[in-house]
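Chemist: coords please:
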Amino acid sequence: MPSRRSWSALALLLVALAPAQARAQCPAGSFCYFGTDVGGTDATRAPNVNSAATRANFLSALTGVGTESFDGLADGATNPSLSFAGAGTATLGGAGAVETFAGAGANGAGRYPTSGTRFYEATSSNAGTTFTISFSDPVAAFGFYGIDVGDQGSQLALRFTLVGGTTLDWVLPYTPSVGRNSARDGSLLYAGFINTTSFTSVQFRGTDADDVFAFDDMTIGSAQQVTNPPGSTVPEPSTYVLLASGLGILGLVGRRRALSARS
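Modeler: Numbering: from 1, shown residues only. As a prediction, the model looks like this:
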């Protein structure tokens, strides 16, 4: 039987070997999901690979939630109040409006929907006009696609106001870039957030004065709709590989100790 010290060594080994994205800083008491894809331009979409996988992982923790695609809203609509089954309403605020995508290169800005033909064009900012979402009932889960985020050097952070009035920030773990045809121009990301304390609003805070981006396929969920909490799910195959490697190392250490004791 491996000693307590050996198990501690295994834990440290698994943390060291875990992908950097999985170890991105997440506020205490929270579970953060993040994936991003680059390779888009002003006129083309980035491949939806990492972002889609992250979204699927986030949604697997929830049951009975709704997703808003903005296709049922009129072009140009501002500050809509959106209804979600089991989670109340979400009211969008700050600078922004529903936009219709008219085809590749039509808007010349790298912003596009991830489903349907419409999205909400929002602005993250370090000023008072930044994009905000307020919830009529406290929610415990929030996820969305962000398109063309960080192409003007801005680092986006989500500020959640918890029940009771305290706030916490999650800085999304991507590297911003600057200029047209930069790495994040037309980029795609999915961010999902679950917190053990429900929250009443989220504010999109950038480090730059204005970073206009497309916001689409928003999902919110109440605490009751978080039915498969992170940490209780079956590990991904890569986790099994790491675990097997770690146990193999422990087994080798144990055999060497046994042989040394016999000699």
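Chemist: what number of residues lie near T130?
Modeler: Per other Cβ atoms under 10 Å, the neighbour tally for T130 reads 23. In short, each C-beta sits where N, CA and C put it, glycine included.
Chemist: distance of it from A95?
Modeler: 8 Å (Cβ to Cβ, to the nearest Å).
Chemist: mutual contacts of the two, please.
Modeler: Counting by Cβ atoms under 8 Å, 6 or more residues apart in numbering, the residues touching both T130 and A95 are T123.
Chemist: doesn't S81 make contact with T91?
Modeler: Yes: between T91 and S81 a contact is recorded at 4.5 Å, counting by Cβ atoms under 8 Å.
Chemist: looking at these two, which is more packed in?
Modeler: T91 (14 against 11).
Chemist: and the more buried one, what is it in contact with?
Modeler: So T91 contacts 79-82, 133-136 (Cβ under 8 Å, 6+ apart).
Chemist: ignoring the adjacent residues along the chain, who's closest to S115?
Modeler: S69 (5.0 Å; Cβ to Cβ, 6 or more residues apart in numbering).
Chemist: next one: A183
Modeler: Per Cβ to Cβ, 6+ apart, closest to A183 is S177, 4.4 Å.
Chemist: the one you found touches D151, doesn't it?
Modeler: Yes: using Cβ under 8 Å as the test, S177 is close enough to D151 to be in contact (6.1 Å).
Chemist: which neighbours do the two have in common?
Modeler: By Cβ under 8 Å, 6+ apart, the residues touching both S177 and D151 are 184-185.
Chemist: out of those two, which sits in the more crowded spot?
Modeler: D151 (27 against 16).
Chemist: looks to me like R55 is in a strand.
Modeler: No: counting by DSSP: H, G, I helix; E, B strand; the rest coil, R55 is not found in a strand; it is helix.
Chemist: was I right about it contacting Y145?
Modeler: Yes: counting by Cβ under 8 Å, R55 touches Y145, with 7.4 Å between them.
Chemist: specify which residue of these two has the higher count of neighbours.
Modeler: Y145 (26 against 23).
Chemist: circling back: quick check: the gap between the residue nearest to A183 and A157.
Modeler: 17 Å.
Chemist: same question for G86.
Modeler: 28 Å.
Chemist: could you list the low-confidence segments of the protein?
Modeler: The chain contains residues with pLDDT under 70 at 1-24, 103-108, 180, 231-263.
Chemist: centroid residue for it?
Modeler: The centroid of the chain falls nearest to A191 when counting by Cα atoms, centre = their mean (1.4 Å).
Chemist: dig out what that residue forms beta bridges with.
Modeler: F34, F144 (DSSP bridges).
Chemist: one more: the one 10 residues further on?
Modeler: For S201, the beta-bridge assignment (DSSP bridges) gives partners T161.
Chemist: let me see the contact set for it.
Modeler: Per Cβ under 8 Å, 6+ apart, neighbours of S201: 132-135, 160-161.
Chemist: format these as JSON lines; extra columns: neighbour count and distance to P173.
Modeler: Output for the contacts of S201, formatted as JSON lines (neighbours: other Cβ atoms under 10 Å; distance: Cβ to Cβ, whole Å):
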{"residue": "T132", "neighbour count": "19", "distance to P173": "22"}
{"residue": "I133", "neighbour count": "23", "distance to P173": "21"}
{"residue": "S134", "neighbour count": "15", "distance to P173": "26"}
{"residue": "F135", "neighbour count": "21", "distance to P173": "25"}
{"residue": "F160", "neighbour count": "22", "distance to P173": "16"}
{"residue": "T161", "neighbour count": "18", "distance to P173": "22"}
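Chemist: next up, the contacts around V171.
Modeler: Per Cβ under 8 Å, 6+ apart, neighbours of V171: 25, 155-157.
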